[in-house]
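[1] Predicted coordinates and the sequence they were generated for:
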Amino acid sequence: MLLPAKYMKARARSLGFVALLVLGLGPALTATPAHAAEGEVTLEGIVNNVILGHATDGYYLNFKPFDNVELPRIMLVRTADGNLDLEAYGSTASMLKNGPYGIQAHGGGESGGHADLVTQGAALDEAISADEHLHSSVQRTDGHVVLDLSISRHFVFGLLAMLIVLAVFIPLAQRYKRGVGREKAPSGVLQNMMEVLVIFIRDEIAKPNIQGEKWRKFLPYLLSAFFFILVANILGLVPYAGAATSNIAVTGVLAVMTFVIVLLYSSKDHYKELFTGPPDAPLLVRIIFVPIELVGLVMRHLALAIRLFANMMGGALIIFSLIGLIFIMNILFGGAVAGGTVIISIGFTVFILLLKLLVAFIQAYVFTILSALFIGMAVEEHDHGGHEGQEDHSSTSGRLEERLDAVEEAVEPTSA
């Protein structure tokens, strides 16, 4: 029986190596170099299309080396005669061919006017066949675009993350209603794993940071934010997928939701201290403190959005920069040097992907605990009954401030 055990371990190691190799090759397969009109790979094309084009948002799904799937374009426009109109097209290519639109290629002109746009003819067909329209700015030649309501790549993956969370937790909620997990022990790997995470968020994030029994009111939001961010982050590691949290609009909405909860559920004591300053401070100090506190309230939530966005976008830029290094070496030094660069680039890509898997959990945790801290500081009610109550309040407030400082210091170096 010893031989089969060793054999199974060897097979497990081989499967693990293959899985890591697939993860490492995934970005390489999706990253295709941009070609100039003469068929040459250009450094500008690599930077704009391979690195920035794949890391940022776009109106297509990248399934290279197979094909790109373009997403619908929906535009609210004001026509030349001043009327508002809603236009819908099946793809960016369809919008360019059938509507009054043109593409402005990267570095395509200094004036930025309509004269620099490629709107029709062989030049437009060539740009579409080379997928240049997917990475270029699209502008309207007649009137102007009031609002771009197009479905983007990050919107699709954000919606997918939401559906995955619902698909996991709705069946689990039905199980708990039937008593599985309440009247008897949880069953199955999925339910046990999710219960561990839920209990961790409840006992280590919500309860310690939100006063009294008020944590029960905010636990559903904290759980929803944590699992949505976690799933969205992990989708960024899947070949042909992407992380919706690498879009500042997505992280901004999440931060705004926390900000709105803070504003709606803040206690009277919080608002009083916010607009009048510390009660024991001199009048002049309180006048100085009020604008500082107001700016700090906004900046805390702004940092909440930027931190998550910067960490997820930074990891994607590093990965596609490593992949783009292969094409850059091919241009500068030839195929032999590029071939040697492949091993280094893929090795570092696998390392960064493993690091990003860790960062996916860390950033979901950081966003959730900071949200709990901000909510806890806002809903806290001060005890004005006596000296003992004031000491209790100051120690509780001090603990919250200490935990906030500790979290800020812990996450500051994280940049992958």
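    Happy to help now that I have it.

[2] Is Gln139 in a helix, a strand, or coil?
    strand (DSSP: H, G, I helix; E, B strand; the rest coil).

[3] what's around it, how many residues?
    Residues lying near Gln139 (other Cβ atoms under 10 Å) number 18. (Glycine included, C-beta is placed from N, CA and C.)

[4] per-residue pLDDT, it?
    pLDDT, Gln139: 88.

[5] list the contacts for Tyr365?
    For Tyr365, the contact set (Cβ atoms under 8 Å, 6 or more residues apart in numbering) comprises 205, 226.

[6] so what's it scoring on pLDDT?
    So, for Tyr365, pLDDT stands at 96.

[7] swap in Tyr59?
    So Tyr59 comes in at 90 (pLDDT).

[8] isn't it right up against Ser150?
    Yes. Using Cβ atoms under 8 Å, Tyr59 is in contact with Ser150, at 5.4 Å.

[9] Give me the more crowded residue out of these two.
    Taking other Cβ under 10 Å, Tyr59 and Ser150 do not tie; Tyr59 has more neighbours (20 against 17).

[10] Backbone dihedrals for the closest residue to that one other than its chain neighbours, please?
    Leaving aside its chain neighbours, Tyr59 sits nearest to Leu71 (4.9 Å; criterion: Cβ to Cβ, 6 or more residues apart in numbering). Main-chain torsions, Leu71, degrees, to the nearest 10: phi -100, psi 160.

[11] repeat for the one 10 residues further on
    Backbone torsions for Asp81, taken as degrees, to the nearest 10, come to phi -90, psi 10.

[12] swap in Glu87?
    According to degrees, to the nearest 10, Glu87 has phi -110, psi 140.

[13] count of residues packed around it?
    Glu87, neighbours per other Cβ under 10 Å, totals 18.

[14] Which pLDDT value belongs to it?
    Value listed for Glu87 in the pLDDT field: 92.

[15] which residues does it bridge with?
    Beta bridges link Glu87 to Met75 when assigned by DSSP bridges.

[16] right, and it touches Asn98 too?
    No. With contacts counted by Cβ under 8 Å, Glu87 stays clear of Asn98, the gap being 9.7 Å.

[17] Tell me, domain by domain, which residues of this protein belong where.
    Here the chain is described, according to automatic domain parsing, as comprising the domains 72-150, 155-411.

[18] can you give me the helices in this structure?
    With DSSP state H, the ranges of helices along the chain come out as 2-30, 43-45, 53-55, 92-98, 121-129, 153-177, 189-200, 207-209, 215-235, 248-265, 268-276, 283-333, 335-379, 387-411.

[19] angle of the longest one against helix 215-235?
    Think helix 283-333. With axes from the mean of the first three to the mean of the last three Cα atoms, to 10 degrees defining the directions, helix 283-333 sits at 20 degrees from helix 215-235.

[20] And for the fifth one?
    The directions of helix 121-129 and helix 215-235 differ by 110 degrees, with the same axes, to 10 degrees as the criterion.

[21] What helices and strands are in contact with helix 121-129?
    helix 92-98, strand 101-104 (3 or more Cβ pairs under 8 Å, 6 or more residues apart in numbering; DSSP states H and E).

[22] Mind telling me which of those the model trusts least?
    strand 101-104 (a mean of 85).

[23] which other residues reach that one?
    95-96, 112, 114, 116-119, 124, 127, 132-133, 136-141.

[24] picking that back up, which one of the helices of the chain lies nearest to Glu183?
    helix 153-177 (9.7 Å; Cβ to Cβ).

[25] Can you tell me what sits against the closest one?
    Here helix 153-177 has contacts from 57-62, 71, 181-182, 186-187, 190-191, 194, 224, 227-228, 231-232, 235, 241-244, 246-247, 249-250, using Cβ under 8 Å, 6+ apart.

[26] if we can go back for a sec, quick one, which of the contacts of strand 101-104 are buried?
    Among the contacts of strand 101-104, those buried by neighbour count (16 or more other Cβ atoms under 10 Å) are 95-96, 117-119, 124, 127, 132-133, 136, 138-140.

[27] Could you verify my assumption that Gly322 touches Gly347?
    No, residue 322 isn't Gly; it's Leu. No. The criterion here is Cβ under 8 Å, and Leu322 misses it with Gly347 at 9.2 Å.

[28] Compare the two (neighbour count), which wins?
    Neighbours per residue, other Cβ under 10 Å: of Leu322 and Gly347, the larger number sits with Leu322, 24 against 13.

[29] That one and Gln120, how far apart?
    39 Å (Cβ to Cβ, to the nearest Å).

[30] again, but for Ser150
    Distance from Ser150 to Gln120, by Cβ to Cβ: 21 Å.

[31] do you know how far Ile331 is from Ala130?
    For Ile331, the distance to Ala130 - Cβ to Cβ - is 17 Å.

[32] number of nearby residues for Asn192?
    Neighbour tally, Asn192, other Cβ under 10 Å: 12.

[33] Need the pLDDT of it.
    For Asn192, the predicted pLDDT is 92.

[34] from memory it sits against Pro186, does it?
    Yes. Using Cβ under 8 Å, Asn192 is in contact with Pro186, at 5.1 Å.

[35] ok, Gly99 - contacts?
    87, 89, 140.

[36] just curious, which of these is nearest to Val337?
    Tyr89 (43.3 Å).

[37] Look up the closest residue to the closest one, ignoring the ones flanking it.
    Met95 (3.9 Å).

[38] could you list every residue that touches that neighbour?
    73, 75, 87, 89, 101, 138.

[39] what stretches of the protein score poorly on pLDDT?
    1-55, 105-116, 383-416 (pLDDT under 70).

[40] could you redo the last one with a cut-off of 50?
    1-3, 17, 20-39, 108-113, 115, 387-393, 413-416 (pLDDT under 50).

[41] And the residue nearest the centre of it?
    Thr245 (0.8 Å; Cα atoms, centre = their mean).

[42] Check the gap between the residue nearest to Tyr89 and Leu160 for me.
    In terms of Cβ to Cβ, Met95 sits 24 Å off from Leu160.
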